[in-house]
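A.B. asks: sequence unknown, structure follows:
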């Protein structure tokens, strides 16, 4: 994969992490403001529950999935596989990447279908007496699944072409070393 393609992967990674980070900070500020307002004024901030559960948490949970894959930070149990030869580990890793790509792709397609249904119905929830549109948040989920699917596809293709693995090493990134 060319340096230009690596750059695109890094930019998409950074953008999704920034959006998730902003959502996380916004969620913390919103919740803290709600708690303080409830304690001091005796009145919570309106729509806190809806904003937290329907927007902030979804962005924080789904947008960084590709970043975790790119950094090799997903949970893995490799007690048995470490007993095998390097060749067996490499092949099994490629098989698992392919299986995961298929699963994430299926999840992206299913989530996309659900998001379209929610859009068609103009999905909303009622909090107190306010109608809160929820359909936009349903599009975050397929975006998260689709980006990790595309990343896995790129990693598989790079492996087949004999290119070095596509990863971002956080320690190198912190030291200013760019892939």
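C.D. replies: Sure thing, it's come through. Predicted model only: the values in this text are computed from it and were never measured. Residues are numbered from 1 along each chain as shown.

A.B. asks: After the helix ranked longest in the chain, heading C-terminal, what element do we hit next?
C.D. replies: In the chain, assigned by DSSP state H, the helix with the most residues is helix 3-41. Later in the chain than helix 3-41, the nearest helix or strand by DSSP states H and E is helix 48-51.

A.B. asks: quick revisit: packing partners of the longest helix of the chain?
C.D. replies: helix 48-51, helix 57-62, helix 65-70, helix 140-160 (3 or more Cβ pairs under 8 Å, 6 or more residues apart in numbering; DSSP states H and E). Any C-beta I mention is one placed from the backbone N, CA and C, and that applies to glycine too.

A.B. asks: pretty sure residue 121 is touching residue 135, no?
C.D. replies: Yes - using Cβ atoms under 8 Å, residue 121 is in contact with residue 135, at 7.4 Å.

A.B. asks: tell me how far stretch 63-79 is from the chain's mean position?
C.D. replies: Distance of stretch 63-79 from the chain centroid (Cα atoms, centre = their mean, to the nearest Å) equals 11 Å.

A.B. asks: Now it: buried residues?
C.D. replies: Under the neighbour-count criterion of 16 or more other Cβ atoms under 10 Å, stretch 63-79 has 63-67, 69-70 buried.

A.B. asks: Tell me where the model's unsure across the protein.
C.D. replies: 1-5, 169-179 (pLDDT under 70).
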